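Asker: fold the following and give me the result.
(2 chains)
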Protein chains: 2
Amino acid sequence: MAKAGANVIKVEPLGGEPLRLRIGVGRGASLPFAMLNSNKRAVTLNLKSERGRELLIEMVKRADVLLENFAPGVMDRLGVGWSVLREVNPRLIYASGSGFGLSGPDRDNLAMDLTVQAATGIMSVTGFPESPPVKAGAAVADFLGGIHLYAGVVTALYERTQTGRGRLVEIAMQDAVYPALASNLGFLYNNQGEVPPRTGNRHGGLAIAPYNVYRAKDGHVAILCVLESHWTNLLTAMGREDLKTDPRFVGNAARVENLAATDEVVESWTQTLSKHDIFAITKRHRVPSAPVRNLFEVMHDPHLHQRGMLEWIDHPDLGRIVVPGSPLRFHEAGSIETTPSPRAGQHNVEIYGSWLGLSGEEIDKLREDGVI
Amino acid sequence: MAKAGANVIKVEPLGGEPLRLRIGVGRGASLPFAMLNSNKRAVTLNLKSERGRELLIEMVKRADVLLENFAPGVMDRLGVGWSVLREVNPRLIYASGSGFGLSGPDRDNLAMDLTVQAATGIMSVTGFPESPPVKAGAAVADFLGGIHLYAGVVTALYERTQTGRGRLVEIAMQDAVYPALASNLGFLYNNQGEVPPRTGNRHGGLAIAPYNVYRAKDGHVAILCVLESHWTNLLTAMGREDLKTDPRFVGNAARVENLAATDEVVESWTQTLSKHDIFAITKRHRVPSAPVRNLFEVMHDPHLHQRGMLEWIDHPDLGRIVVPGSPLRFHEAGSIETTPSPRAGQHNVEIYGSWLGLSGEEIDKLREDGVI
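Answerer: Predicted structure coming up:
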């Protein structure tokens, strides 16, 4: 939102939000915080104090959107839930992000990326058949939830241009994950309710072949054939035109029936070459493929930097780091310069002073009283 | 979009889009198609014919948004790219979804969920340290791309209410994935560029403990402690108050230093109980956890059905199936009744006749000529 031009104020408890606190561990949390908080301003606010809630309400009067991801019911118990704030500002979009939603029997289950990956079945279909269930290594439940919340907010803003009224928008991470399991759920349907297996790197519904990650001399490479031309092109690339009429491999349905044999044909070729050579050859023959890259390669990817999706910045606390821009790219809109993630409360004076009109003395008093 | 109230027309080549064709395999693709195409109308259109392109342009004149996910450059080569269509309709939002974007050296790499998972590094951090890289079992690159595209389109529609002008909106799946790797990239930063390992079910940045999936008597359960109170509550739940002052386990930093010992404490308890008992106990003690569910359980989840996120419908081709609603929930907006996914070209007469004003004879002629 900040990178799309919104004026975003991050409201945190007095010590800062949990992700900041994890920085103390010295392992893993400082860069994530910086990645996700560029171009925001930050204030601290104690919502457990009466004066803190008054300040929130003053901000809500002036705001378009309030976005919160407390557990369901917390904002209501604090006295600043949707039913209160809609009266304060009838044009307010109130956006709630939670793990399982604001209704239903599982509403109060505690949600983090890990528990949502367990509950939604992602784990049950990730990994190799012979290994235990395993999560997706990226925090996909968190981020599918987050971008759906963005989508819901902007939809409500668009609606408001016609109605003049705000709305409560709700996103549950669990809901946001479900559609991404379509291929795997397809297996369930086509096999009379048989539970979809973990398929390793094969297609989640075991409905496409070849579709796998194959050993190269120096790593791994992903190759798949969605169209018949991909397969015939791959045979040409591999110098295996002799197989073009082999009935085991003519048509995707036949290859799916002969999954292991199909994979063997491909891997007997890939294991003789480096992953970059395989990629170069398959690209030339218009076969979808990609070398499996590690995160060092990705963070330093010339393509992502050249496109401006990744950027080196000098961060006041972290030094020279790589941060992402926005995946939403609006052509001819001009770019918004990156401002490093703020410290907790960095903009207290700016927001409470210039925006809400409090005096320096009043702000000092709020600080002394533990309100900000 | 259709579930948010948009009038969505799916434009397919004459045989139908590739996901339909996969239905022929009889394994995996029919339910996915139905899941993703409720409430849309479908027309067929041959964009390689002059008359086909004319019909597209007639639709664009009347439309708010054109959304396409051809490889970069295909629409331009067909003569119906952004530079042409913006002249046809200056209010048009032209949305392009691709794997690697419309610019940069990797622009023309062929992209599918599998290759993007390889290229973005998701595979490199998914799975167990001792196993090969493995993809996330859900099609997370596809669906992160898709919902970002929704977000971009609606942002541009919102902007248009102020400017009256359309815009080219671009989403690359690769860009959409990168932020979800924040925790893993944090490891890279905090370990002087050391490549993040596959951590199985542990935290991607190895920055939180406990954070894992543990064996139960009858399956697996995810448990994590983000706040210190989660840990002390967990010790109470496990009857291990004796460890509350054990220096190996006081504070997240200490537990991260003693990862294996921390996991052992937790698993020595979980393996004595069923996953549902563990969940019930941890829930009572306010510790984030979830049983690892399979997709049969998820598809039949009472919570998801009660909330209306999942719904049984009678599909004309597939029979009684479960389809998802929208994860975007707009309170008090009323619900949009589910219409089953259409057949290819099902709405040709409605769209080309009623909307574009062609006569029955003209439509017959288009069909004879292989245009629709």
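
Asker: could I get the full set of strands for the stretch 251-372 of chain A?
Answerer: A:289-291, A:310-315, A:319-324, A:329-330 (DSSP state E, counting those that start in this stretch).

Asker: note down every partner strand of the last one and its orientation.
Answerer: Applying DSSP bridges, strand A:329-330 is found paired with strand B:167-172 (antiparallel).

Asker: nearest residue to the most centrally placed residue in chain A in space, please, no chain neighbours.
Answerer: Per C-alpha atoms, centre = their mean, the C-alpha nearest to the average position across chain A is that of A:Phe143, at 2.4 Å. Spatial nearest neighbour of A:Phe143, chain neighbours left out: B:Ala180 (3.9 Å); criterion: C-beta to C-beta, 6 or more residues apart in numbering or on different chains. From N, CA and C alone the C-beta is placed, and that goes for glycine too.

Asker: equivalent analysis for A:Val65, please.
Answerer: In space, A:Val65 is closest to A:Ile93, 4.5 Å off (C-beta to C-beta, 6+ apart).

Asker: how far away from the center of its chain is stretch A:50-68?
Answerer: 27 Å (C-alpha atoms, centre = their mean, to the nearest Å).

Asker: please read the previous query as pertaining to stretch A:283-292.
Answerer: The answer for stretch A:283-292 is 26 Å, by C-alpha atoms, centre = their mean.

Asker: try stretch A:352-365
Answerer: For stretch A:352-365, the distance to the chain centre is 36 Å (C-alpha atoms, centre = their mean).

Asker: got the end-to-end distance for it?
Answerer: End-to-end span of stretch A:352-365 (C-alpha to C-alpha, to the nearest Å): 12 Å.

Asker: show me which residues of the longest helix along chain A are buried.
Answerer: Counting by DSSP state H, the longest helix found in chain A is helix A:140-163. With burial defined by 16 or more other C-beta atoms under 10 Å in any protein chain shown, the residues of helix A:140-163 counted as buried are A:140-160.

Asker: stretch A:340-347 now?
Answerer: A:340-342, A:344-347.

Asker: neighbours of A:Glu54, just the number please.
Answerer: 12 (other C-beta atoms under 10 Å in any protein chain shown).

Asker: who are the packing partners of the helix or strand where it lies?
Answerer: In the assignment (DSSP states H and E), A:Glu54 maps to helix A:50-62. Applying 3 or more C-beta pairs under 8 Å, 6 or more residues apart in numbering or on different chains; DSSP states H and E, one finds that helix A:50-62 contacts strand A:9-12, helix A:82-88.

Asker: pick the most deeply packed of these.
Answerer: Highest mean neighbour count among those (mean count of other C-beta atoms under 10 Å in any protein chain shown): strand A:9-12, with a mean of 18.

Asker: show me which residues of the following helix or strand past that strand are buried.
Answerer: Per DSSP H and E, the first helix or strand lying C-terminal to strand A:9-12 is helix A:18-21. Neighbour-count burial for helix A:18-21, with 16+ other C-beta under 10 Å as criterion, is recorded at A:19-21.

Asker: right, is helix A:18-21 up against chain B?
Answerer: Yes. Counting by C-beta under 8 Å from any C-beta of the partner chain, contacts between helix A:18-21 and chain B involve A:Pro18.

Asker: repeat for stretch A:40-48
Answerer: No. Applying C-beta under 8 Å from any C-beta, one finds stretch A:40-48 separated from chain B by no less than 14.2 Å.

Asker: give me the contacts around that stretch.
Answerer: A:2, A:7-14, A:16, A:52-53, A:55-56, A:78, A:80, A:341-348, A:350-352, A:370-372 (C-beta atoms under 8 Å, 6 or more residues apart in numbering or on different chains).

Asker: on that earlier part again, between the helices and strands packed on helix A:50-62, which one is closest to chain B.
Answerer: For chain B, the closest of these is helix A:82-88, at 7.9 Å, according to C-beta to the nearest C-beta.

Asker: need the contact partners of the next helix or strand after that closest one.
Answerer: Remark: after helix A:82-88, the chain's next helix or strand is strand A:93-98, criterion DSSP H and E. Strand A:93-98 has contacts (C-beta under 8 Å, 6+ apart) with A:64-72, A:75, A:82, A:85-86, A:102, A:107, A:111, A:145-146, A:149, A:152-153, A:156-157, A:160, A:166-173.

Asker: and strand A:93-98, average pLDDT?
Answerer: Strand A:93-98 carries an average pLDDT of 98.

Asker: what comes into contact with the helix or strand following that strand?
Answerer: Under the assignment DSSP H and E, the closest C-terminal helix or strand after strand A:93-98 is helix A:113-119. By C-beta under 8 Å, 6+ apart, the residues outside helix A:113-119 that reach it are A:99-100, A:106, A:109, A:123, A:135-136, A:139-142, A:145, A:173-174, A:177, B:201, B:211, B:213, B:220-222, B:224, B:288-293, B:298.
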